[in-house]
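Engineer: okay, predicted coordinates and the sequence, questions at the end:
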Amino acid sequence: MVAPRLILVLGDQLSPGMAALRAGDPARDIVVMAEVMAEATDVPHHPQKIALILSAMRHFAAELRAAGWRVAYSTLDDPENSQSITGELIRRAAESGAQEVIATRPGDWRLISALGDCPLPLRLLPDDRFLCPEADFARWAEGRKVMRMEWFYRDMRRRTGLMMEGDAPAGGRWNFDAENRKPARPDLWRHPPLRFAPDAVTREVLDLVAARFAGRFGRLEGFAHPVTRADAEAAFADFLAHRLPRFGAEQDAMLTDDPFLSHALISAPLNLGLLDPLDLCRRVEAEWRAGRAPIEAAEGFIRQIIGWREYVRGIWAISGPDYTARNALGAERPLPAVYWGGPTRMACMAAAVGQTRDLAYAHHIQRLMITGNFALLAGIAPRAVHEWYLAVYVDAFEWVEAPNTLGMALFADGGVLASKPYAASGAYVARMSDHCRGCAYDPKAEGTRPPCPMTALYWDFILRHRARWAANPRMGQMLRVWDAMAEGRKAMLRAAAAEVFARLDAGEPV
Ligand code: FAD
Ligand code: DLZ
C-alpha cells in the first residue's frame with residue numbers, strides 16, 4: 001500500500017481550491033487541520049478573531065469530509081494536541097505512517113520558518129489565491145528605484161481586464177478618487193452589514209474561547225462574523241445590493257455611532273479563503289455596467305482589491321522576514337495603554353479603540369488616520385504597533401497587516417511602500433469625522449479647549465524629522481508653513497507637544 005501524505009490546511013487557507021489540496025488525492029492522503037495554542041499566543045489575538053478562525057476551520061473540515069477527504073482535525077482542547085502546527089504534523093505522521101507533508105505557503109514568515117525546520121519531508125507550494133503571483137511581483141519590482149501602488153494597479157487592471165475598454169481604462173481615467181472621500185452624516189437609512197447569529201458549531205467554539213482566553217483585550221459577546229462560504233457570500237451580496245453605491249464617497253469618513261458606514265466588511269472572509277478576489281471584482285464591475293453603482297464606487301472598490309491588497313502582499317513577499325524589524329524613523333516609545341482600552345480624552349482614539357475592542361474591526365481610515373497616525377506622530381516603536389494590529393483585527397495576517405502598519409501607517413520601511421508618511425493633524429480628523437465636536441481637545445488649536453494632541457504632535461513630527469523631509473515636495477511644503485507661523489503659535493504648539501510626550505512617558509492618559 002502507498003503511504004499517505006499529509007495535506008496541511010491552515011486556519012486562513014479555507015478554500016477548496018488550495019494548492020495543497022489540488023496536489024493531494026482524497027483516496028490516499030490525509031488532510032491535517034489543527035487548532036493550536038502556538039497560533040493563538042504568538043500575539044494576544046482578539047477573542048473574536050480566534051473564535052472566527054476556529055469556527056471557520058471546523059466548518060471547512062466538515063466541507064472537506066463531505067467532499068470525500070479524510071481529515072485529521074485537532075481541537076484546541078484535545079489532550080493529545082501538541083499545540084503547535086509542526087507538532088501536530090509530526091503526531092499525525094507517526095499515527096498514519098505518512099512520509100511527506102504537502103503545504104501551501106503560509107502568509108507569515110514565522111510559520112514558513114517553522115515548517116522549514118520540521119523534520120518531515122515538505123513540499124511547499126505557492127499560494128495561488130492571489131491575482132499577482134509572488135514571482136511576477138518580484139519581476140515587476142526588480143530594478144525599480146521606487147515602487148508605487150498606482151503603477152502596479154494599472155498593470156493589474158490590464159492583466160485582469162477589469163473595468164477596461166480595450167487598452168484604456170473605463171470612463172477615461174484610472175482613478176476616480178477626486179469624486180470619493182467625502183465626509184458623512186449619520187443616516188438612519190444607511191443599510192448596516194449583515195450580522196450572523198452563531199450556529200451550534202460557533203457556539204461551542206465561543207464557549208471554548210471564553211474559557212481559554214479570558215482576560216484578553218476584546219469582547220467576545222456579540223460575535224456575528226460570517227464563518228462559512230455561504231455566510232460570506234450573503235455578506236458580500238448584501239454589500240453589493242445596499243452599500244456599494246456609497247462605498248467610494250464614504251470610504252474615508254468616520255462617525256462615532258456608525259463603525260461600518262458603507263464598507264464591505266469582507267476582509268476577514270476574503271483572507272480566510274471563503275471568498276475569491278477576482279469574482280468579487282467582476283461582480284462589482286457588473287453592478288457599475290448595469291447602472292446600479294457609480295463608476296467611482298466600483299473603481300474605488302476594485303482598486304482596493306487588485307491594487308492595494310495585491311500590492312501589500314507583493315511587498316511582504318519580496319521584503320522577507322526582516323520587514324517587521326524595520327524602524328526607519330527610529331521610533332522607540334512603548335505602546336500607550338490607550339491601545340488596550342486605557343482611558344483617553346481623545347474622542348477619536350476612544351472611538352477607534354472602543355470599536356476595535358467590541359467588534360475586532362475598524363475601517364481603513366480609523367486604522368490609518370487615527371490609531372496609525374497617533375502612533376506615527378507619537379513615535380511609538382513599530383514592532384509594538386505591528387503586534388497590536390496583528391492581534392486586534394479579525395482580518396489580520398502578517399502578509400497584509402505588516403506592510404499596512406509598517407509601510408503605510410508608520411513609514412517604518414523608509415518609503416518602500418509609500419512616497420511619504422500619511423501624517424495628519426487634528427484638522428484632518430475634524431474634517432472627516434464627527435469625533436471632534438464632543439472632544440475635550442481643539443483640533444485647530446486656536447480655541448478655548450486645550451490643543452488636540454494630534455495637532456501638536458503633527459508639528460513636532462514634521463520638525464523632528466526636518467532633514468529627512470527637506471527633499472520631499474509635500475512634506476517640504478509643511479515645513480514652509482511652520483516657518484511662516486507666528487512665534488507665539490509655534491511656542492504654544494511646542495509646549496502642547498512637550499506636555500503630551502511627558503504624559504505618555506509617565507504612563508498617564510492623553
Ligand atoms: P473595505 O473598506 O470595504 O474595502 C474592501 C476590501 O478592500 C477590504 O475588504 C480589503 O480586502 C481590501 N483592502 C482595502 N484596503 C486595503 C489595504 N490597504 N490592504 C489590503 N487590502 C485592502 N487589511 C486586512 O485585510 N488585514 C489587515 O491586517 C489589515 N491591517 C491594516 C493595518 C493598518 C495600519 C491599515 C492602515 C490598514 C490595514 N488593512 C488590513 C487594510 C484595511 O484597513 C482593511 O482591509 C479594511 O479596513 C477591511 O474592512 P472592509 O472589508 O470593510 O474594507
Ligand atoms: C491566527 C490563527 C489562530 C489564532 N489560530 C490558528 C489555529 O489554531 N490553527 C491554524 O491552522 N491557524 C490559526 N491561525 C492562522 C495562522 O496563524 C495563519 O495561518 C498564519 O499566521 C499564516 O497566515
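Structural biologist: Perfect, I can see it now. Ligands and ions are numbered 1, 2, ... in the order given.
Engineer: hey, let's count contacts and neighbours off CA atoms from now on
Structural biologist: OK.
Engineer: elements contacting the helix or strand where Ala467 lies?
Structural biologist: Assigned by DSSP states H and E, Ala467 falls within helix 466-469. If contacts are counted by 3 or more C-alpha pairs under 8 Å, 6 or more residues apart in numbering; DSSP states H and E, helix 466-469 sits against helix 473-484.
Engineer: how about the helix it packs on: buried residues?
Structural biologist: Neighbour counts over helix 473-484 (16 or more other C-alpha atoms under 10 Å) mark Met475, Gly476, Met478, Leu479, Trp482 as buried.
Engineer: same check on stretch 28-37?
Structural biologist: Asp29, Ile30, Val31, Val32, Met33, Ala34, Glu35, Val36, Met37.
Engineer: that older thread, ok, and of the buried residues of helix 473-484, which contact ligand 1?
Structural biologist: When the buried residues of helix 473-484 are checked against ligand 1 using C-alpha under 6 Å from any ligand atom, none falls in range.
Engineer: just give me the least confident of those.
Structural biologist: By pLDDT, Met475 ranks lowest within the buried residues of helix 473-484, coming in at 84.
Engineer: count the neighbours of the nearest residue to that residue once chain neighbours are set aside for me.
Structural biologist: Of all residues beyond its chain neighbours, the one nearest Met475 is Trp469 (5.5 Å), with distances taken as C-alpha to C-alpha, 6 or more residues apart in numbering. Look at Trp469: counted by other C-alpha atoms under 10 Å, it has 18 neighbours.
Engineer: Trp469 contacts Gln477, doesn't it?
Structural biologist: No - look at Trp469 against Gln477 with C-alpha atoms under 8 Å: they stay out of range, at 9.3 Å.
Engineer: can you check what pLDDT the model gives Met1?
Structural biologist: Met1 is given a pLDDT of 75.
Engineer: if we can go back for a sec, what does the helix holding Ala467 contact?
Structural biologist: Contact with helix 466-469 is made by Ile462, Met475, Gly476, Leu479, as judged by C-alpha atoms under 8 Å, 6 or more residues apart in numbering.
Engineer: do the same with stretch 107-114
Structural biologist: So stretch 107-114 is contacted by Thr86, Arg105, Pro106, Gly320, Pro321, Phe397, Glu398, Trp399 (C-alpha under 8 Å, 6+ apart).
Engineer: which of those sit farthest apart?
Structural biologist: Greatest spatial distance among the contacts of stretch 107-114 (C-alpha to C-alpha): Thr86 and Gly320, at 21.1 Å.
Engineer: the two: who's more crowded?
Structural biologist: Shown here are Thr86 and Gly320; by other C-alpha under 10 Å, Thr86 has more neighbours (20 against 11).
Engineer: tell me the SS of that one?
Structural biologist: Following DSSP: H, G, I helix; E, B strand; the rest coil, the label given to Thr86 is helix.
Engineer: helix or strand for Asp136, which one?
Structural biologist: Per DSSP H and E: helix 134-141 holds Asp136.
Engineer: quick check: next helix or strand after that helix?
Structural biologist: helix 149-160.
Engineer: hmm, that next one touching ligand 1?
Structural biologist: No - using C-alpha under 6 Å from any ligand atom, helix 149-160 stays clear of ligand 1, with a minimum separation of 10.3 Å.
Engineer: what is the mean pLDDT for that helix?
Structural biologist: Mean predicted lDDT for helix 149-160 stands at 97.
Engineer: just stretch 427-435 next, same as before
Structural biologist: Mean predicted lDDT for stretch 427-435 stands at 97.
Engineer: alpha carbons of that stretch, as CSV, please.
Structural biologist: Taking Å, rounded to 0.1, in the frame of the first residue of the first chain, the C-alpha atoms of stretch 427-435 are listed here in CSV:
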residue,chain,number,x,y,z
ALA,A,427,-7.7,69.3,11.4
TYR,A,428,-8.0,66.2,9.1
VAL,A,429,-9.9,64.3,11.8
ALA,A,430,-12.2,67.3,12.3
ARG,A,431,-12.9,67.4,8.5
MET,A,432,-13.5,63.7,8.0
SER,A,433,-15.4,62.8,11.2
ASP,A,434,-17.8,63.9,13.9
HIS,A,435,-15.4,63.0,16.7
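Engineer: what does that stretch contact?
Structural biologist: 182-184, 252-256, 347-348, 351, 369-370, 436-437, 443-444, 455.
Engineer: list the buried residues for it?
Structural biologist: Under 16+ other C-alpha under 10 Å, the buried positions of stretch 427-435 are Ala427, Tyr428, Val429, Ala430, Arg431, Met432, Ser433, Asp434, His435.
Engineer: show me which of the residues you listed is closest to Pro450.
Structural biologist: So of the buried residues of stretch 427-435, ranked by how close each gets to Pro450 (C-alpha to C-alpha), first place is Ala427, at 14.1 Å.
Engineer: mind listing what the residue in the stretch 351-500 of the chain that ligand 2 sits nearest to touches?
Structural biologist: Residue of the stretch 351-500 of the chain nearest ligand 2, by C-alpha to the nearest ligand atom: Phe397 (4.9 Å). Going by C-alpha under 8 Å, 6+ apart, Phe397 touches Gly107, Asp108, Asn271, Leu390.
Engineer: adding secondary structure, write those out as JSON lines.
Structural biologist: Formatted as JSON lines, the contacts of Phe397 follow (three-state DSSP):
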{"residue": "Gly107", "secondary structure": "coil"}
{"residue": "Asp108", "secondary structure": "coil"}
{"residue": "Asn271", "secondary structure": "helix"}
{"residue": "Leu390", "secondary structure": "helix"}
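Engineer: closest to Arg333 among the residues you listed?
Structural biologist: Leu390 (18.5 Å).
Engineer: so Pro16, which state does it fall into?
Structural biologist: Applying three-state DSSP: Pro16 is coil.
Engineer: distance of the nearest residue to it once chain neighbours are set aside from Arg58?
Structural biologist: Distance criterion C-alpha to C-alpha, 6+ apart; nearest residue to Pro16, sequence neighbours excluded, is Leu64 at 7.7 Å. Distance, Leu64 to Arg58, using C-alpha to C-alpha, to the nearest Å: 10 Å.
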